[in-house]
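A.B. asks: Predicted model follows, preceded by the sequence.
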There are 4 protein chains.
Amino acid sequence: MIKVGIVGGTGYTGVELLRLLAQHPQAQLSVITSRKETGMPVADLFPSLRGHVDLAFSDPASAALGDCDVVFFATPHGVAMAQARELLAKGVRIIDLAADFRLRDTAEFERWYKIPHACPEVLAEAVYGLPEVNREAIRSARVIGLPGCYPTAVQLGLAPVVEAAAGELIERDGLIADCKSGVSGAGRKAEVSALLAETGDSFKAYGVAGHRHWPEITQGLNALGGGPVGITFVPHLVPMIRGIHATIYARLTPSGLATDFQALYEARYANEPFVDVMPAGSTPETRSVRASNMLRIAVHRPPASKLLMVLVVEDNLVKGASGQAVQVMNLMFGVDERSGLAHIPVLP
Amino acid sequence: MIKVGIVGGTGYTGVELLRLLAQHPQAQLSVITSRKETGMPVADLFPSLRGHVDLAFSDPASAALGDCDVVFFATPHGVAMAQARELLAKGVRIIDLAADFRLRDTAEFERWYKIPHACPEVLAEAVYGLPEVNREAIRSARVIGLPGCYPTAVQLGLAPVVEAAAGELIERDGLIADCKSGVSGAGRKAEVSALLAETGDSFKAYGVAGHRHWPEITQGLNALGGGPVGITFVPHLVPMIRGIHATIYARLTPSGLATDFQALYEARYANEPFVDVMPAGSTPETRSVRASNMLRIAVHRPPASKLLMVLVVEDNLVKGASGQAVQVMNLMFGVDERSGLAHIPVLP
Amino acid sequence: MIKVGIVGGTGYTGVELLRLLAQHPQAQLSVITSRKETGMPVADLFPSLRGHVDLAFSDPASAALGDCDVVFFATPHGVAMAQARELLAKGVRIIDLAADFRLRDTAEFERWYKIPHACPEVLAEAVYGLPEVNREAIRSARVIGLPGCYPTAVQLGLAPVVEAAAGELIERDGLIADCKSGVSGAGRKAEVSALLAETGDSFKAYGVAGHRHWPEITQGLNALGGGPVGITFVPHLVPMIRGIHATIYARLTPSGLATDFQALYEARYANEPFVDVMPAGSTPETRSVRASNMLRIAVHRPPASKLLMVLVVEDNLVKGASGQAVQVMNLMFGVDERSGLAHIPVLP
Amino acid sequence: MIKVGIVGGTGYTGVELLRLLAQHPQAQLSVITSRKETGMPVADLFPSLRGHVDLAFSDPASAALGDCDVVFFATPHGVAMAQARELLAKGVRIIDLAADFRLRDTAEFERWYKIPHACPEVLAEAVYGLPEVNREAIRSARVIGLPGCYPTAVQLGLAPVVEAAAGELIERDGLIADCKSGVSGAGRKAEVSALLAETGDSFKAYGVAGHRHWPEITQGLNALGGGPVGITFVPHLVPMIRGIHATIYARLTPSGLATDFQALYEARYANEPFVDVMPAGSTPETRSVRASNMLRIAVHRPPASKLLMVLVVEDNLVKGASGQAVQVMNLMFGVDERSGLAHIPVLP
């Protein structure tokens, strides 16, 4: 059994990790920490876990994280990097669901997150945890920077056309990712802006002057494309709890205009357990992946245009966060990549 | 493996049965019928099932239901009773999620459902499928009338105090069940009254002049109580998808005033895998059981009153319908009652 | 023109007061204060008011409230009573939308609100601002304690049967008010419990051990009834923004059993501009009063019971708060009671 | 007083017309028709109108529409064109909220709406009812084809940069309008796809292979631009009742790169009573225009791109339909354009 610790279990990615790991056949929940809720049984905070999780929250200071095989950080950025060295020294592997190990460039990290990076040498060895792109590197990684929710959707939506081999199909400048997310993406934080009375029955864009997921997306696409890719990323807030929908636009080159993208996407993801290329003409709904680790893609050629349009849906808390974290853990510990992730989406 | 057929798989109880049965370790989905969608792959109608259910809808007329071990009817009332005799003759057991086998008295059935009962002799042997009340009879039943969603919540909320042994604790007349349901309870039917633009961001009572679940609740409480119990049942519509919340009020007798109801309820349900008596003072949320077969109960004594108040939550599509159907199937076929029903609720 | 000041304009009752008063033909918005947002144009915080409200928030300390004819307190409890004496001394009349002047008994106030009452002599002259019960006293009042949202619905739902003249129709003990509210009732405060991801797509009871509106309801019913009335009040949270629905149950006396309640209610409210007794058999929806000052009532006799059931809907921010405040202001200043309150409900 | 008739008053644009016209100081509701609800008081179907609208639905066949000054068609397409000739002959002016008089080219109409056009000569004189573009022509029109909800948002979002004078600022090919709408846009029709249980807590694109508003948008932009404009239009469905949000992308030319678009937009709409150009950096929410006729625009230059991005919000039932219809009526009858349209948006 993989001994698992979770730092910061009181947020949405934390409770989702608990839901997934509590029934994982090869994982054993050992420790879960919360500074604020130390001593409280987890199931008192989240009654949905009654009968499934018997742990109480531990004090982060005294928690036996060093005895774990792997520790998930379901915390704000800045926490994982403060503890990484010590845990690694004890032989613990790390999966950070926040941003500490996503951006390769510490200057870029500091520009967007406004704090110095605490352990550049750990960052140097960290692996970006997107299995469909990085599977082999993940298997042997000691530290994982797990992709953000939007970057997962956008990168998987574009990988088949951005990857070097296919690079001449689209114009690499001027990509647009018009993205929409449910409010759980904002986390379980006391903020007026996420109240039901503020966000219910309404819709808006946000973060248009610059969102932290933009440099991450750009870094990922550049790596995939073997050169600079230019993308405009506009997130919007949807009055729903879970789900991300990305609507991605790319201008086609002459050779792109002659390409069968349905076939290209199906081939690219043929062996991926958690990417579903839908039949031509589909318009996937976020609910079709609710509470599951599946990501669905539909490829379109809008009428009377020279555009490729890609629609992507995922559950931001599962494939966009905790489910992907478990998928990565499975790879790191050599168990079936699908283990603990077989949930059928909940519809309606 | 239990060979399973489903009649009427295009509604919400149908798709929920599919979600549960597709991963049931002892069940094998064999046939699913739909008059309207004959020939269509199930996963085309419900993309959430892609990769999990490979069946297509069959024509009800020609479907090989007779080869199944058990057939679920996820249909409007009137369908199961038309096919029951023939299926029973072939040795197929029947679980009807509609109302054909709920009310013992055909006159009562005909008064509320406005059609004659097609097979009173089958009704005579049918068993009411509420495991917490009827477990032994269910094991050997050939035909199950599965409880309605509201009746499940109200009967389990009141069983501990209505049952004969405890009968003197409350006044058996004048019980009130103020119930609230999400809109999936209205089914997947084209009706203006269930549009998001009609039911969203609003709240109302309905069916106050007489709802079909009222005679069912009354019949069940009378049976539990060994005599007449009088209850007022008022359903309300909540702008959410899944979930039922029952707020039940009973006036206490002098001996009721001296009773420890927390202890009584905990004792009554101590061995029930799908009934959770919450700690004193709890106010259960419907989301704490979302997409799971668990039903949670909290018992209160409102201040400055002589009332007992019982709060009950369930997912109307799971413990209130398809999950309970699977629980009943497990009992009928001698497998672990919890088999295929281990889902942790989805929160948030 | 009535010169109006608002203390605490950044919450939901504040912005609703602004919506109503900005178009009131006899009112002139003069001052609006906010400690936190001093200097910010109101329309920057609430873009819905762009072009309608040109004021900026003033510092409460320096604000010219003393020049106003009336000051509304749209603040948490405790604020109005701290400023009441000084404003009254300057001839300013006060309408407090919070709880400082609701409960007649300072001991009761202190028991529920955990702070000493700062000005018992002002409380002594304060009038409870429920026009349908207290119209004449309101006209000449200097200080108004405006009813809470739930107490407005419950008292108007019960007034016709509790009032002394009608008092023998119901048993005055054991009344039940099962109430449901949208989340704007919790205010515009940064609290995890009111996030969309916490309250969306879910339903629960809360405050069952004792809610602050309970002593207010009891005080009001006692006054209406000329003697002690016993009521159990259970609030629930609905995943919607605006709206309160009260489902009220009363046991009928023999003379109640012979009473035509439809006629009684229609007669009682025949001349009320903001109470609508709906036709027999109606089940009012909260959206039928959305964004308007109307309160609708339907009266029922549940089948096979000796109960009276009253359904009441109101918009908690209008008739349950800011609209009622304007109605009261109209009475105090001798203008048409309906002035500024003609809005037709917004449906859908 | 303007004598007003409404054909088809049972849908959402119909009830919204009633809300607006019932309080319009220069309009008098004379006739409202519904084939299905003939004889029913309007306020029985829509209790929100109790006390405000006393009319009953009339039989369309016998209704005295010929005595009206203006008739609004709040019907599916095909109805207005069948009655237009006869009404015009009687001197009645027509405002069609459906599509019969939107597309100038009957072949285009027939391609998208699959029925022959019944009165091409009426179409020839019809005026497209977008006041910000067509104000003078509207004043004297006998027949108005009112813009669709999406086309209103997209055309007003692009007019300042597409209009001939400004035409060289953007590349006229490859515009993208990524649009999002609440579900009331689908109308008050019994369809499974618009149920709360289908559309709640989910998000999707639809109509991507070709939506009827696309040729209308293209026709409008071509006219504004004095030449062909190419746009891709992708609608999405938001789990909310009212509201449209358009996110529009255009590639800038070298001269566009040097343009102050904030100033350009502010100048273009400086005198428009119902278009609000928000301060630089704004991200308008749909709720900021809820239940009002205001449309708000924010102009952005996404970082590290050569794009112009325009965000537009409107209430699809008001500025996107019934409010715009009233605005047009005001122009046609020479009353203040803002008459009856002063509502402050309802927030929260």
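C.D. replies: Perfect, I can see it now.

A.B. asks: residue at max distance from the center of chain A?
C.D. replies: A:A304 (34.2 Å; C-alpha atoms, centre = their mean).

A.B. asks: quick one: the closest residue to A:L49 other than its chain neighbours from chain B, how far?
C.D. replies: Distances taken as C-beta to C-beta, 6 or more residues apart in numbering or on different chains put A:A43 closest to A:L49, at 4.6 Å, once the chain neighbours are dropped. Every residue, glycine included, has its C-beta placed from N, CA and C. In this view, A:A43 and chain B are 10 Å apart by C-beta to the nearest C-beta, to the nearest Å.

A.B. asks: ok, and what's touching the strand or helix carrying A:A43?
C.D. replies: Taking DSSP states H and E as the definition, A:A43 sits inside helix A:42-45. Applying C-beta atoms under 8 Å, 6 or more residues apart in numbering or on different chains, the contact partners of helix A:42-45 are A:9-10, A:18, A:32, A:37, A:49-57.

A.B. asks: Repeat the analysis, applying 7 Å as the threshold.
C.D. replies: Contact with helix A:42-45 is made by A:9-10, A:18, A:32, A:37, A:49-50, A:53, A:55-57, as judged by C-beta atoms under 7 Å, 6 or more residues apart in numbering or on different chains.

A.B. asks: Just the residues you listed: which are in helices?
C.D. replies: Judged by DSSP state H, those include A:L18 as members of helices.

A.B. asks: from the contacts of helix A:42-45, which is closest to chain B?
C.D. replies: A:R50 (5.9 Å; C-beta to the nearest C-beta).

A.B. asks: so that closest one makes contact with B:D276?
C.D. replies: Yes: A:R50 lies in contact with B:D276 (C-beta atoms under 7 Å); the separation is 5.9 Å.

A.B. asks: contacting residues around A:Y265?
C.D. replies: A:160, A:277, A:297, A:299.

A.B. asks: As CSV, these with pLDDT and distance to C:V318 would be great.
C.D. replies: CSV is the format used below for the contacts of A:Y265 (pLDDT from 0 to 100; distance: C-beta to C-beta, whole Å):
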residue, pLDDT, distance to C:V318
A:P160, 97, 53
A:V277, 98, 50
A:I297, 98, 46
A:V299, 98, 49
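
A.B. asks: any chance of these in TSV, plus distance to B:A250, secondary structure and neighbour count?
C.D. replies: What follows is the contacts of A:Y265, written out as TSV (distance: C-beta to C-beta, whole Å; DSSP: H, G, I helix; E, B strand; the rest coil; neighbours: other C-beta atoms under 10 Å in any protein chain shown):
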residue	distance to B:A250	secondary structure	neighbour count
A:P160	62	helix	22
A:V277	56	strand	22
A:I297	54	strand	26
A:V299	59	strand	25
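
A.B. asks: Looking at those residues, which is nearest chain B?
C.D. replies: The closest of the contacts of A:Y265, once distances to chain B are taken by C-beta to the nearest C-beta, is A:V277, at 10.4 Å.

A.B. asks: So what sits opposite the closest one in the bridge?
C.D. replies: A:I297 (DSSP bridges).

A.B. asks: how close does it get to A:D315?
C.D. replies: Using C-beta to C-beta, to the nearest Å, A:V277 is found at 18 Å from A:D315.

A.B. asks: Could you list the contact residues of the stretch 201-348 of chain A toward chain C?
C.D. replies: A:201, A:239, A:241 (C-beta under 7 Å from any C-beta of the partner chain).

A.B. asks: Number of residues surrounding the first one?
C.D. replies: Look at A:D201: counted by other C-beta atoms under 10 Å in any protein chain shown, it has 24 neighbours.

A.B. asks: residues near the closest residue in space to it that isn't next to it in sequence, how many?
C.D. replies: Spatially, and ignoring its direct neighbours in sequence, A:D201 is nearest to D:M240 (4.5 Å; C-beta to C-beta, 6+ apart). Applying other C-beta under 10 Å, we find 29 residues neighbouring D:M240.

A.B. asks: Same check on A:K306?
C.D. replies: Neighbour tally, A:K306, other C-beta under 10 Å: 18.

A.B. asks: I'd guessed it sits against A:P254; true?
C.D. replies: No: A:K306 lies out of contact with A:P254 (C-beta under 7 Å); the separation is 9.4 Å.

A.B. asks: circling back: of the contacts of helix A:42-45, which one scores lowest on pLDDT?
C.D. replies: Model confidence across the contacts of helix A:42-45 bottoms out at A:G9, which has 88.

A.B. asks: just checking, that residue touches A:K36?
C.D. replies: No: shown here, A:G9 and A:K36 do not form a contact pair, counting by C-beta under 7 Å, at 10.8 Å.

A.B. asks: What segments of chain A are strands?
C.D. replies: A:2-7, A:27-33, A:70-73, A:93-96, A:127-128, A:143-145, A:175-181, A:204-205, A:231-237, A:244-251, A:275-277, A:295-300, A:307-314 (DSSP state E).

A.B. asks: Any chance of the ones you listed in CSV with distance to B:L156 as columns?
C.D. replies: What follows is the strands of chain A, written out as CSV (distance: least, C-beta to C-beta, whole Å):
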stretch, distance to B:L156
strand A:2-7, 34
strand A:27-33, 30
strand A:70-73, 37
strand A:93-96, 41
strand A:127-128, 49
strand A:143-145, 45
strand A:175-181, 38
strand A:204-205, 43
strand A:231-237, 39
strand A:244-251, 37
strand A:275-277, 38
strand A:295-300, 38
strand A:307-314, 37
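
A.B. asks: how far away is A:G243 from chain B?
C.D. replies: 12 Å.

A.B. asks: Pull the number of nearby residues for that residue.
C.D. replies: 30.

A.B. asks: ok, now the one 4 residues further on?
C.D. replies: Summarising burial for A:T247: neighbours were counted as other C-beta under 10 Å, giving 25.

A.B. asks: Same check on A:L257?
C.D. replies: A:L257 has 11 nearby residues by other C-beta under 10 Å.

A.B. asks: If we ignore the residues flanking it in sequence, what's nearest it?
C.D. replies: Going by C-beta to C-beta, 6+ apart, A:L257 has A:K306 as its nearest residue, at 6.5 Å.

A.B. asks: Helices along chain A, start to end?
C.D. replies: Under DSSP H, chain A gives helices at A:12-21, A:42-45, A:79-89, A:106-113, A:120-125, A:131-139, A:149-162, A:196-199, A:213-225, A:254-257, A:261-268, A:323-332.

A.B. asks: quick check, nearest of the contacts of helix A:42-45 to chain C?
C.D. replies: The closest of the contacts of helix A:42-45, once distances to chain C are taken by C-beta to the nearest C-beta, is A:T10, at 9.5 Å.

A.B. asks: Could you pull up the residues touching the closest residue to that closest one other than its chain neighbours?
C.D. replies: Closest residue to A:T10 apart from its sequence neighbours, by C-beta to C-beta, 6+ apart: A:S34 at 4.9 Å. Taking C-beta under 7 Å, 6+ apart, we find A:S34 in contact with A:8-10, A:57.

A.B. asks: What residues does chain A have near chain B?
C.D. replies: A:12, A:15, A:19, A:22-23, A:46-52, A:184, A:201, A:241, A:276, A:284, A:288, A:291, A:342, A:344-348.

A.B. asks: make it 6 Å
C.D. replies: Proximity of chain A to chain B, by C-beta under 6 Å from any C-beta of the partner chain, involves residues A:12, A:19, A:47-48, A:50, A:52, A:184, A:201, A:241, A:276, A:288, A:291, A:344-348.

A.B. asks: What's opposite A:G5 in the beta bridge?
C.D. replies: Under the criterion used (DSSP bridges), A:G5 bridges to A:V31, A:V71.

A.B. asks: care to break chain A down by domain?
C.D. replies: Using automatic domain parsing, the domain parsing of chain A gives A:2-125, A:150-316.

A.B. asks: Where does pLDDT dip in chain A?
C.D. replies: A:166-167 (pLDDT under 70).

A.B. asks: near chain D, which residues of it show up?
C.D. replies: A:176, A:178, A:180, A:197, A:201-206, A:208, A:210, A:232, A:238-240, A:243, A:245, A:247, A:249, A:283, A:285-287, A:300, A:302-303, A:305, A:307, A:311, A:348.

A.B. asks: Quick check: PyMOL command selecting the buried ones in the residues you listed.
C.D. replies: The buried subset of those, as determined by 16 or more other C-beta atoms under 10 Å in any protein chain shown, is captured in PyMOL by this line:
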select buried, chain A and resi 176+178+180+197+201+202+203+204+205+208+232+238+239+240+243+245+247+249+283+285+286+287+300+302+305+307+311+348
